[in-house]
Structures are given as structure tokens and as C-alpha cells.
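# have a look at this fold, sequence not included:
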């Protein structure tokens, strides 16, 4: 099979995933993914494409992820793994696409404008 390289993005987080045949080890930035993503919901998000395609123990996955926060990073890793599972087997696309795992979420933080407190919040106006 060789090594499959895919990229996933979410907000400002970028995840590069390298998938190869193995026993199910997942390392994120040279750490075990359970120590990198300590909460159960983040671990669930990372494992979701593997569980849906029933490949949890078939592949070793190395992940380099940077930018954003922990939730954005976990969702970027999820997207990259889902893309890799589609390249492993074409039938996996029909499983992952309806769940929205292959769709890039385009929502980004709106920039702050000058003369305002935040992106849309304005300074308080007084009549005095």
C-alpha cells in the first residue's frame, strides 16, 4: 500500500496525516493521541472516520498538526483521516460523505475593524 499523505483544515488549524498499514497506533506531534487530545470528545472526533469505516486496528497514523485550538486541531485531524480512508478504499466515501466528514468547514473568525471594540461590537455611544 505505501504511505498515504493527506491534509485537513479547520479554522486556522492544519493537520498533515501519514497513513500506513499497521496495528492502530496514532501519534500526534510525536505524542500518543490520547495524551495530546485528553478529553473523550476530542478522542471520539479523531477516531470517528476509522470507526465508521471499521479500520480502527488496520492502520498506523502519524499526524503533524499546528495552528488553532484543540477542537479545531481535532477536527482538522478528523478531516485528514477521512480523506485518507477514501483513498484506501473508494466505498468509504459513500459512508463518510453523508456524515459531513469530507466537507471543509469554511467558518473563520471575523477580523476586528478599526473604531470598534471587536468585529461587530461597537464602543458605547453617549449623548453627553
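Done, it's in. Please read these numbers as outputs of a predicted model, since none were measured by experiment.
# so what does the biggest helix by length in the chain touch, helix or strand wise?
Counting residues, the longest helix found in the chain (DSSP state H) is helix 70-88. Packing partners of helix 70-88 (3 or more CB pairs under 8 Å, 6 or more residues apart in numbering; DSSP states H and E): strand 4-10, strand 13-21, helix 40-52, strand 59-66, helix 92-96. Bear in mind the C-beta positions are built from the backbone N, C-alpha and C, glycine included.
# what's the closest of those to residue 104?
Nearest to residue 104 among the helices and strands packed on helix 70-88 is strand 4-10 (6.3 Å), distances taken as CB to CB.
# per-residue confidence averaged over that closest one?
The pLDDT scores in strand 4-10 average 95.
# which strands border it, and is each parallel or antiparallel?
Using DSSP bridges, the strands paired with strand 4-10 are strand 13-21 (antiparallel).
# pLDDT on the strand it pairs with, on average?
Strand 13-21 carries an average pLDDT of 95.
# give me the contacts around it.
If you take CB atoms under 8 Å, 6 or more residues apart in numbering as the criterion, strand 13-21 is touched by 1-9, 58-69, 72-73, 75-77, 79-81, 83-84, 88.
# list the contacts of the longest helix of the chain.
1, 4, 6-17, 19, 28, 37, 42, 45-46, 48-50, 53, 55, 59, 61, 63, 65, 67-68, 92-93, 96, 101-102, 104-105.
# re the thing from before, please, a PyMOL command that selects the buried ones among the contacts of strand 13-21?
Below is the selection syntax for PyMOL that covers the buried ones among the contacts of strand 13-21, with 16 or more other CB atoms under 10 Å defining burial:
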select buried, resi 4+6+8+9+59+61+62+63+64+65+68+72+73+75+76+77+79+80+81+83+84+88
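# need the helices and strands packed on helix 70-88 in a markdown table with distance to residue 33, can you?
Formatted as a markdown table, the entries for the helices and strands packed on helix 70-88 read as follows, by distance: least, CB to CB, whole Å:
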| stretch | distance to residue 33 |
| --- | --- |
| strand 4-10 | 14 |
| strand 13-21 | 11 |
| helix 40-52 | 6 |
| strand 59-66 | 7 |
| helix 92-96 | 19 |
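# residue 120: which of these is closest?
Taking CB to CB as the measure, the helices and strands packed on helix 70-88 were each checked against residue 120, and strand 4-10 came out nearest at 22.4 Å.
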